[in-house]
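Undergrad: Turn this into a structure:
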Amino acid sequence: MKRLAVVPSDRMEDYLNQGYSAPYLKDYYNPGGFFDEVYLLSNLEKDHPGLLGMKVMRTTPVDLPKRLKDLNINIVRAYGGNWACTYACEHKAMGVPVVVSVHDTSPLKLYDSIKHADYVLCMSKAVKDLVLSKFDRKDRVWILPNRVDFKVMGPKAQDNFKDLDEKYPFVYKILHVGRLSEEKNLDTLIKALPFLGDDYAVIAIGHGDCAVYKKMALELNVLQHVFFIDAVPNQELARYYSWCTCMCTPSRREGFGMVFIEALACACVVVTSDIAPLNEYIAHGENGLLVKDFEDPESLGKMVQKACLDEDLRTKIHGKARESVRIFEKETIDQQEINFYKKILDMESQGKITQSSKLNNSYQKALAWVKSNSIPGQGIIVNTQQRVTYLEVTGYFIPTLMDAKESGLARSYAEFMVSMQQADGAYEGPDGKKYVFDTGQALRGLMAASQSWPEFKPAALKAADYLLSQMQTSGLFNFNYDYAIPPEIPLFILPALKEAGKVFQRSEYTQAAQRSLAYYKQQAKVLNPKYLTHFLAYILDGLIDMGESDFVRPFVQDLFTKQGKDGRIRAYAGAHWVCSVGVAQLAIVGYKLGMHKNADLALDYVASIQNPSGGFYGSYGWGAKYFPKAEISWANKFFLDAIHLKRKLG
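TA: The predicted structure is shown next:
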């Protein structure tokens, strides 16, 4: 089942009002019926169960990632490099590629959000050149021209124009097709009329305010030679192309120039500007006429005159025009687009397999390191330079091992933790001192163990009771660290205390956790970019698990704006090195907040700095200060946790 989500640049109602037919739009958004289901997701639309073969669901940018996941979307297609691009690219769902089609050569209509696209389809080489100025994946930028339905756009019988001849009784009829805007250069064409004389008239078809053009024509005394039509259906437009003496839209810029292809398909004599991409498919004097000085009314007028009066040239162009644009026939471009979709699905599948394989290899190495650095009958070491059991890390490694299906090792850790618990429920650090934070970390493991093995519940209760005994009425924990650790990191142990309250039906635990949350949340420096990312991530993770995602989200979003292209995140504001475990923890934070792309980048970065042993130094880079020469056990714990969470999210 293949599912596509489209983000059009305008409302469907607007396209229908512009003369596009319902069958055309249905095929346009799902060429050849390639996708089994198509959803239109946009905050411009209203819900509709079946519009033009699509299920329309009004979707805000914030809701987009979840909706894409809920609908099992395979590809997102955004039309236009401006707002639709930003909507789709900056609100991605992990694993769902965004394909942006760019239609215009104006730099103002190509937003910086294009940098976050996965694939870009360009209407022409000129558009591709613009896209590559911002999008650095040349191998993922492809040209997909617009298409023309040759069944609709084709020469019409000359005896079918009586109504048009009566309405516009001039010898030479010049057709201008395009919205009434500066880039379509209708002003120069109107200024050319005085040079052409009374036998010529301009019929302009397109939306926009015609007041300025009428005023110009009035001042030039040619108003009676200029006519405006807001829009006509495609079938009727083909009649105009076939009827007019020549079609002249002397554009100042174009992304593709659909109207010129349509006109050529109708064997019309086309006069336009000698600019890319128009000169990519119009050869001067062969299938059309190109004007170099298209801003000069007299030069433009002379070329229009040539198009109308040179019968030999007209015969030549009539004979070549339609076949010259056969490559843009609807069926051909539809198949080309389908082939691109197939290629994207295949690349994504292969990419995921390759990336998954690499990550799985890193995962297996990290898990093997844990096993080889566990002291038999005890727990995990502190680090490779301090090979004694670390009770805190041994405790909170238990849920990680259970997620890794290593229940035997997890149970062994839990048994050792029970044997090392103090009479008051506390746990000691490597220095032999009792610590609230270490006990809270142990509680995490004991809670996980007690879910599978009830005999560990008493130890969990004792640890929770100890935490309560060390909490002041305000919610502040007694904090006895004598080195630089943020006083707010007890936030990370609150979820375990809250869980104990729920599992053991002890309301005092739950109330204490909420009271402590309220205390630490109000501290002025609770979210401080100068904190080491390891400690900062403890605080962020604890707040998220306590239901404070909205509180931390803006801070994390800002933090990720400073993330390197390779996924690295500095150890703290101003540092030139990274803390390995901090980056792994921030990947977990990113996954929990739905910021999957940043989380993926962070996780891939940690995998890239993994040592051959399967372990991680505490820090890497110039000026590294956090265990730069020792492999720390807790880095493996959080690396494994990040991969477990990524897998759970699909």
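
Undergrad: count of residues packed around Phe195?
TA: Residues contacting Phe195 under the criterion other CB atoms under 10 Å number 15. In this view, the C-beta of every residue, glycine as well, is placed from N, C-alpha and C.

Undergrad: Asp604 now?
TA: 16.

Undergrad: which non-adjacent residue is nearest it?
TA: Gly567 (5.4 Å; CB to CB, 6 or more residues apart in numbering).

Undergrad: cool, and Val578?
TA: Nearest non-adjacent residue to Val578 (CB to CB, 6+ apart): Arg568, at 5.1 Å.

Undergrad: Can you give me every residue that contacts the one you found?
TA: Neighbour list for Arg568: 578, 583, 605 [criterion: CB atoms under 8 Å, 6 or more residues apart in numbering].

Undergrad: now, which of those residues lie within helices?
TA: 583, 605 (DSSP state H).

Undergrad: Out of the contacts of Arg568, give me the one that has the most neighbours.
TA: Val583 (30 neighbours).

Undergrad: what does the model give it for pLDDT?
TA: Listed pLDDT for Val583 reads 98.

Undergrad: Helices of the stretch 151-300 of the chain, start to end?
TA: 162-167, 186-196, 211-219, 234-243, 258-265, 278-281, 297-309 (DSSP state H, counting those that start in this stretch).

Undergrad: Most tightly packed of the ones you listed?
TA: Ranked by mean neighbour count, the helices of the stretch 151-300 of the chain are led by helix 258-265 with a mean of 25 (mean count of other CB atoms under 10 Å).

Undergrad: which stretches of this structure have low pLDDT?
TA: Under the criterion of pLDDT under 70, the regions of the chain flagged as low confidence span 94, 351-356, 481-483, 650.

Undergrad: domain assignment for it?
TA: With domains defined by automatic domain parsing, the chain comprises 3-146+332-349, 158-328, 374-526, 528-650.

Undergrad: what's the closest non-adjacent residue to the residue nearest to the spatial centre of the chain?
TA: The C-alpha lying nearest the average C-alpha coordinate of the chain belongs to Cys89 (CA atoms, centre = their mean; 2.5 Å). Closest residue to Cys89 apart from its sequence neighbours, by CB to CB, 6+ apart: His116 at 4.0 Å.

Undergrad: Now do the contacts for the one you found.
TA: Contacts of His116 by CB under 8 Å, 6+ apart are 89-90, 92, 98, 597.

Undergrad: what's next to stretch 398-414, contact-wise?
TA: So stretch 398-414 is in contact with 367, 370-371, 374, 377, 379-380, 394-395, 397, 417, 444-446, 448-449, 452-453, 456, 637, 640-641, 644, going by CB under 8 Å, 6+ apart.

Undergrad: among those, which are in helices?
TA: Among the contacts of stretch 398-414, the members that lie in helices (by DSSP H) are 367, 370-371, 394-395, 397, 417, 444-446, 448-449, 452, 637, 640-641, 644.

Undergrad: Buried subset of these, written for ChimeraX?
TA: A single ChimeraX command selects the buried members of the ones in helices among the contacts of stretch 398-414 (16 or more other CB atoms under 10 Å):
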select :367,370,394,395,397,417,444,445,446,448,449,637,640,641,644
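
Undergrad: any idea how far the residue lying farthest from the centre of the chain lies from Pro487?
TA: Taking CA atoms, centre = their mean as the measure, the residue most remote from the mean C-alpha position of the chain is Asp198, 55.1 Å away. Between Asp198 and Pro487 the distance is 88 Å, computed by CB to CB, to the nearest Å.
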